[in-house]
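>>> sequence-free structure coming up:
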């Protein structure tokens, strides 16, 4: 059964960068689309980027566009979220999940969420 584990969160200053990791077990990352989501206090959950199972195509939210990118390492069965030019509004718990059916930024489409990793952007 698929399990996803996120890591790489932490405290970063505004304008800084972080790279989050999502390591999968129980299934190959080439078999499903992966969506990155975040839960922000007072704002609920938001899908920020979806990477297709071929590892080539991404869809980003408006808030992530031009700042967040995704990559993967099939040998490690891991997907990465590179976040640049971070600002305090990016603070939240970040999750990776499987996007059911198609690669979607609809959070209702996300399943098998990991446990999340905290990202705090503050000076």
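Right, received. Where do you want to start? Small disclaimer: the values here were computed from a predicted structure and weren't measured. Numbering: from 1, shown residues only.
>>> Let me see the ranges of the helices in the chain.
Here the chain has no helices by DSSP state H.
>>> what's stretch 32-41 in contact with?
Applying Cβ atoms under 8 Å, 6 or more residues apart in numbering, the external contacts of stretch 32-41 come out as 2, 20, 22, 45-53, 68, 70, 79, 81, 89-99, 102-105, 107, 109-110, 113, 116, 119. Where C-beta positions appear, they are placed from N, C-alpha and C, glycine not excepted.
>>> could you measure residue 45 against residue 25, distance?
Here residue 45 is placed at a distance of 24 Å from residue 25 (Cβ to Cβ, to the nearest Å).
>>> same thing with residue 78?
10 Å.
>>> Quick one: end-to-end distance for stretch 110-123.
32 Å (Cα to Cα, to the nearest Å).
>>> buried set for that stretch?
In terms of neighbour count (16 or more other Cβ atoms under 10 Å), stretch 110-123 has its buried residues at 110, 112-114, 116-117, 119, 121.
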